[in-house]
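**Student:** I would like to see how this sequence folds:
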Amino acid sequence: MIVMSLLFDVIGVTFVFSSFVAEHGIVDYFTDNMNNKDGKPVTQTDKGRIVPMAVIFVVLCGCSFYMGIIFCSEKGSFESIYSQKSVESPKESSTSSLQIKYISFPECSADYQDYTPCTDPRRWRKFGSYRLTLLERHCPPKFERKECLVPPPDGYKPPIRWPKSRDECWYRNVPYDWINKQKSNQHWLKKEGEKFIFPGGGTMFPNGVGKYVDLMQDLIPEMKDGTIRTAIDTGCGVASWGGDLLDRGILTLSLAPRDNHEAQVQFALERGIPAILGVISTQRLPFPSNSFDMAHCSRCLIPWTEFGGVYLLEIHRILRPGGFWVLSGPPINYERRWRGWNTTVEAQRSDYEKLRELLTSLCFKMYKKKGDIAVWQKSPDNNCYNKLPRDTYPPKCDDSLEPDSAWYTPLRDCMVVPDPKFKKSGLTSISKWPERLHVTPERISMVYHGSDSTFKHDDSEWKKKVAYYKKLIPDLGTDKIRNVMDMNTLYGGFAAALIDDPVWVMNVVSSYASNSLPVVFDRGLIGTIHDWCEAFSTYPRTYDLLHLDGLFTEESHRCEMKNVLLEMDRILRPWGYAIFRESSYFTNAIETLGKGMRWECRKENTETGSDTQKVLVCQKKLWYSSNQGSR
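**Tutor:** Okay, the predicted model is just below:
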């Protein structure tokens with residue numbers, strides 16, 4: 001309707017301009033002063049041709065002008081419309097389908113068994129070490145992409161099932177002796193026969209992670225009553241802290257960078273604990289503002305007060321109002337610990353004072369402190385921010401950077417102040433877990449067509465869909481499937497429908513879609529922003545099930561199907577499943593490419609028997625490398 005209205009405006013402007021031209025003889029002026037190619041004055045016949053050409057020129061100019069207005073003023077609307085799930089591809093009809101020739105994908109060489117394309121140590125030398133930028137995402141250009149199948153290590157076995165996997169994993173699945181030798185005195189893990197054992201130790205919890213979390217709960221009673229549901233652990237080690245919290249009803253996303261030796265995130269995911277590759281460096285973390293109820297750093301060695309305090313400013317951005325920041329390790333308890341940190345008491349006292357000053361300027365308040373653990377709480381409302389002087393440092397961010405923008409968005413040394421219109425999103429007012437899961441989040445108003453009715457409908461529909469999936473894949477809902485990803489979620493309905501099963505779900509929202517990830521976090525779930533034209537921030541073989549709902553219908557104009565499927569094969573465990581809920585136009589092509597990746601696929605109807613949409617269930621087989629060369 002908007003386009004039609006503006007088109008009529010263009011026609012109206014053209015008509016007025018043409019009348020003006022005819023009335024004032026402007027065309028006559030131009031034509032009378034023009035000569036033909038022989039140098040003679042143009043005849044009346046030639047002049048008559050110029051009039052419609054002038055009109056056409058004006059129409060084209062007017063159209064260009066108004067179409068520019070349309071795309072500038074309506075950009076948000078178009079992006080929001082694009083973000084909604086659609087059933088049919090623009091190219092498809094009820095009888096057509098995308099046809100792709102069969103490709104037998106080769107194996108990558110054996111030294112690519114832990115290949116992480118966008119955080120590849122082989123490419124680190126191309127990037128600087130300033131603020132550890134080399135550890136950030138740097139995806140290879142198209143001509144450097146690997147179009148081969150990443151092999152498992154020799155002797156790879158299906159992972160130990162949850163919850164036993166939290167305490168042990170197969171050595172051959174993550175064959176790293178370096179971390180075992182370096183961290184043996186801290187009881188991170190130890191090798192016993194064919195397995196790694198995780199005793200639950202850590203630098204700051206020598207008595208075990210359980211005792212450490214017990215003390216933390218004494219300091220923060222909100223960890224016991226469902227107030228705190230989501231947490232992030234920066235510099236997570238092998239994710240023992242996050243693993244312990246799962247039994248206490250707290251869902252923790254463990255974060256650590258790609259490391260040439262330690263493979264912390266790979267260990268975490270092998271154990272069945274939520275984790276993602278990442279580092280706080282020069283770019284924002286891929287999460288919206290006000291997401292996590294709690295953030296934790298246990299001797300993670302992040303220089304919180306350096307570079308204008310940008311690292312702590314990022315924690316402030318992603319922490320929910322009223323949320324808690326927990327720090328153990330330097331400079332906490334420096335009076336007793338400084339000798340073991342290879343420093344001086346004066347240096348540690350100075351670091352502590354700088355940290356306390358920075359936290360105060362960010363409207364954090366000291367909540368409690370005992371022994372090696374200090375807890376600060378973010379302001380539960382905007383009263384503190386409103387009282388800050390204009391020349392305060394760090395300054396408040398202006399409106400030029402959207403607070404939820406988090407995909408390749410540079411860190412800035414300014415403070416993101418929570419939007420005051422969302423009064424029920426703070427930790428003191430949001431529903432407690434598990435009620436939070438099914439309460440319509442306040443921030444759903446940020447999503448195109450988001451409302452209480454659309455949220456409830458989505459929730460109801462996903463319960464039916466997941467019940468149907470369990471009939472197609474009997475392993476779903478059992479201990480054979482632990483790590484799950486919903487590759488293009490809207491409200492997290494798929495994850496919510498699995499909440500009583502022994503799984504955790506990584507909810508992914510496209511960086512090109514309407515950002516519904518705040519809704520996912522407000523429900524007490526976890527997720528990340530991602531662009532599927534690039535590789536995901538994880539190691540190979542880290543998910544048991546990948547779920548995809550209409551991704552190719554929405555993204556095929558940007559992302560090549562072959563590359564997306566190869567990435568899925570990289571991160572999917574052998575014997576893992578992929579569920580494609582996709583337009584009928586794409587399912588044959590997906591199945592053809594899947595066979596080339598050694599997948600076994602079968603096409604099923606949807607639970608409603610739709611003609612325009614199908615469910616494709618694929619399973620990845622276990623194979624071992626026969627390739628010793630480089631590829």
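**Student:** which stretches of the stretch 151-300 of the chain have low pLDDT?
**Tutor:** Applying pLDDT under 70 to the stretch 151-300 of the chain flags the ranges 178-187, 261-262.
**Student:** for it, what spans make up the strands?
**Tutor:** For the stretch 151-300 of the chain, the strands defined by DSSP state E, counting those that start in this stretch occupy 168-170, 190-192, 195-197, 230-234, 251-256, 275-277, 292-298.
**Student:** swap in the stretch 401-550 of the chain?
**Tutor:** 483-486, 504-510, 526-530, 543-549.
**Student:** ok, then the element right after the last one?
**Tutor:** Heading C-terminal from strand 543-549, the first helix or strand you meet, by DSSP states H and E, is helix 551-555.
**Student:** list the helices and strands that following helix packs on?
**Tutor:** Under the contact criterion of 3 or more CB pairs under 8 Å, 6 or more residues apart in numbering; DSSP states H and E, helix 551-555 touches helix 561-571, strand 572-583, helix 584-596. Heads up, the C-betas are built off the backbone N, CA and C, glycines and all.
**Student:** which one of the strands of the stretch 401-550 of the chain lies closest to Cys108?
**Tutor:** Closest approach to Cys108 among the strands of the stretch 401-550 of the chain is made by strand 543-549 (18.5 Å; CB to CB).
**Student:** any idea how far that closest one is from the chain center?
**Tutor:** Mean-position distance between strand 543-549 and its chain equals 15 Å (CA atoms, centre = their mean, to the nearest Å).
**Student:** buried residues, that strand. List them.
**Tutor:** Using 16 or more other CB atoms under 10 Å as the test for burial, strand 543-549 gives Tyr543, Asp544, Leu545, Leu546, His547, Leu548, Asp549.
**Student:** partners of it in the sheet?
**Tutor:** Sheet pairing of strand 543-549 (DSSP bridges) gives strand 483-486 (parallel), strand 572-583 (parallel).
**Student:** next, the angle from the longest one to helix 561-571.
**Tutor:** Relative orientation of strand 572-583 with respect to helix 561-571: 140 degrees, computed using axes from the mean of the first three to the mean of the last three CA atoms, to 10 degrees.
**Student:** give me the angle between strand 572-583 and helix 584-596.
**Tutor:** 160 degrees.
**Student:** just the buried positions in strand 572-583, please.
**Tutor:** Under 16+ other CB under 10 Å, the buried positions of strand 572-583 are Leu572, Arg573, Pro574, Gly576, Tyr577, Ala578, Ile579, Phe580, Arg581, Glu582, Ser583.
**Student:** take the strands of the stretch 151-300 of the chain and write them to CSV, including distance to Lys424 and mean neighbour count.
**Tutor:** Converted to CSV, the strands of the stretch 151-300 of the chain look like this (distance: least, CB to CB, whole Å; neighbours: other CB atoms under 10 Å):
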stretch, distance to Lys424, mean neighbour count
strand 168-170, 41, 20
strand 190-192, 47, 13
strand 195-197, 44, 19
strand 230-234, 16, 24
strand 251-256, 20, 26
strand 275-277, 28, 26
strand 292-298, 14, 25
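**Student:** redo the ones you listed as JSON lines? Include distance to Ile100.
**Tutor:** Output for the strands of the stretch 151-300 of the chain, formatted as JSON lines (distance: least, CB to CB, whole Å):
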{"stretch": "strand 168-170", "distance to Ile100": "36"}
{"stretch": "strand 190-192", "distance to Ile100": "45"}
{"stretch": "strand 195-197", "distance to Ile100": "41"}
{"stretch": "strand 230-234", "distance to Ile100": "40"}
{"stretch": "strand 251-256", "distance to Ile100": "36"}
{"stretch": "strand 275-277", "distance to Ile100": "31"}
{"stretch": "strand 292-298", "distance to Ile100": "41"}
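**Student:** closest to Lys464 out of those?
**Tutor:** Comparing the strands of the stretch 151-300 of the chain by CB to CB, strand 251-256 comes nearest, at 24.5 Å.
**Student:** and the contacts of that closest one?
**Tutor:** Residues from elsewhere that reach strand 251-256 (CB atoms under 8 Å, 6 or more residues apart in numbering): 229-237, 239, 241-242, 245-246, 262, 264-265, 268, 273-279, 285, 292, 296, 504, 524-526.
**Student:** Met561: neighbouring residues, count only.
**Tutor:** Using other CB atoms under 10 Å, Met561 is surrounded by 17 other residues.
**Student:** contacts only, for it.
**Tutor:** Residues near Met561 by CB under 8 Å, 6+ apart: Ile100, Phe552, Phe586, Ala589, Ile590, Leu593.
**Student:** for my notes, confirm Pro321 occurs in a strand.
**Tutor:** Yes. Counting by DSSP: H, G, I helix; E, B strand; the rest coil, Pro321 is found in a strand.
**Student:** list the residues that contact it.
**Tutor:** Pro321 makes contact with Asn290, Lys378, Ser379, Pro380, Asp381, Pro418, Ser425, Gly426, Leu427, Thr428 under the criterion CB under 8 Å, 6+ apart.
**Student:** remind me which residues of the stretch 501-631 of the chain are low pLDDT?
**Tutor:** Residue ranges of the stretch 501-631 of the chain with pLDDT under 70: 627-631.
**Student:** count the residues that sit near the closest residue to Pro380 other than its chain neighbours.
**Tutor:** In this structure, Pro380 finds its nearest non-sequential neighbour in Gly322, 3.7 Å apart by CB to CB, 6 or more residues apart in numbering. Using other CB under 10 Å, Gly322 has 21 neighbouring residues.
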